[in-house]
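[1] below are the sequence and a predicted model; questions follow.
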Amino acid sequence: MKNINLAKLPEFNNHELVVVGVDAPSGLRSFIAIHNTNLGPAVGGTRYWQYHSEQAALSDALRLSRAMTYKCALVGVPYGGGKGVIIAHRNNPKKKRFLGAYIKRVNLLGGNFYTGEDVGLNGDDVAFMERRSRFVIGRQKLGGSPAPWAALGVFAAIQGAFESLFGGPAVGGRSFALKGIGKVGSILCRLLYERGARIIAADINPERVRWVRRHFRGVKIVSPAEIHRQKVDVFVPCALGGDLNKGTIRELHSQIVCGGANNQLTSSEDGVRLHERGVLYIPDYLAGAGGLINVVAELDRRGYSRKRVLRKVKAIRGTAKKIIKLSRRYNRPTSEIADGLAEKIFLKRAKINL
């Protein structure tokens, strides 16, 4: 791998550890970023993606691992933030070889990092890794896929926003622009559709678009480039992230932004821009926390409990309302309020540990 000055990357945020994974026999190129372990061992999925450069992959790992720290703190689970990324290659049949080499690197961390499914991986991949490691979560016989819980968490966050803005949580008759109808987006689409919501959807994958047309009559399809411009109550980003920037925020015609994509804001200034435009933004690491809550429940000493998971995921609704209330009281962006609440938790624990 070429030399990269880690400290100069804008995504670097006092990360505790970055592991560069290189394996010549398999061709593996990967990164594991651990942002903060004040609350406990780092947790975070592994992303298998065709990055255009090694620096792009590293930046993604840094950005995502930081968000995981804030996510863990805000939803009250005793873990820190980490993330793994594997650089995939187009039409490369070596995926299992990559995963085998990668999971060895996870094992070397000795339980300081637990990982599982993320973009590019599926249940079979998780099963492959769990046969080779004690540090895999989202196991098929326990918590399983995080996607249904992530979708439920987004739904709970939307209800919290609706209660704060409209006085009630009902989604029936409300309009949604859903970007990304993959694992999380498709489940969220069903949750909204079955409750009478009006939905406009977009995805880069024609197969997913056809699936929506088959299963949800009346859902309007637009191009991914146009979805954020729709006149709706809620813009719901559920794709890869980076949807909210200076340009797209100017083009929004929604009262609320709440979705399951990671890293929706391209910079902290974008949170300010949304606030100044009067768009209510539910921080992505809160809205998308349902999947995290489910998979870390496998590590609970009391054993995995679906009932406890459901209760904690539904509590996202109340946390969203708290953030909105504080945002109004202090006239500050919801993104800043959420960051402040999370930092109080994981930075306070750091002082105690000293």
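    Great, that's in hand.
[2] use CA for all of it now, contacts and neighbours both
    Will do.
[3] could you pull out the strands for the stretch 101-250 of the chain?
    113-114, 175-179, 198-202, 220-221, 231-237 (DSSP state E, counting those that start in this stretch).
[4] tell me how the protein divides into domains.
    By the assignment in automatic domain parsing, the chain contains the domains 13-65+80-130, 147-346.
[5] I'd like to know which of the ones you listed is closest to residue 140.
    Evaluated with CA to CA, those place domain 13-65+80-130 nearest to residue 140, the distance being 6.8 Å.
[6] look through this structure and tell me its longest helix.
    helix 54-75 (DSSP state H).
[7] correct me if wrong: residue 133 contacts residue 103.
    Yes: Residue 133 is within contact range of residue 103, at 6.9 Å (criterion: CA atoms under 8 Å).
[8] I'd assumed residue 343 was in a helix, is it?
    Yes: counting by DSSP: H, G, I helix; E, B strand; the rest coil, residue 343 falls inside a helix.
[9] that one - nearest residue in space that isn't next to it in sequence?
    Excluding its sequence neighbours, the residue lying closest to residue 343 (CA to CA, 6 or more residues apart in numbering) is residue 70, at 7.2 Å.
[10] pretty sure that neighbour contacts residue 288?
    No: Residue 70 is beyond contact range of residue 288, at 11.7 Å (criterion: CA under 8 Å).
[11] comparing the two, which residue is more hemmed in?
    residue 288 (31 against 25; other CA atoms under 10 Å).
[12] tell me what the helix or strand residue 293 falls within is packed against?
    When elements are assigned from DSSP states H and E, residue 293 belongs to helix 290-296. When contacts are defined as 3 or more CA pairs under 8 Å, 6 or more residues apart in numbering; DSSP states H and E, helix 290-296 packs onto helix 147-166, helix 306-314.
[13] what's the offset of it from the middle of its chain?
    11 Å (CA atoms, centre = their mean, to the nearest Å).
[14] what mean pLDDT does that helix get?
    Average pLDDT, helix 290-296: 97.
[15] for it, list the C-alpha coordinates in CSV.
    Taking C-alpha atoms only, helix 290-296 is exported to CSV below (Å, rounded to 0.1, in the frame of the first residue of the first chain):
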residue,chain,number,x,y,z
GLY,A,290,-31.4,-0.5,15.4
GLY,A,291,-29.1,-2.9,13.7
LEU,A,292,-26.3,-2.2,16.2
ILE,A,293,-28.6,-2.7,19.1
ASN,A,294,-29.6,-6.1,17.8
VAL,A,295,-26.1,-7.5,17.0
VAL,A,296,-24.5,-6.3,20.3
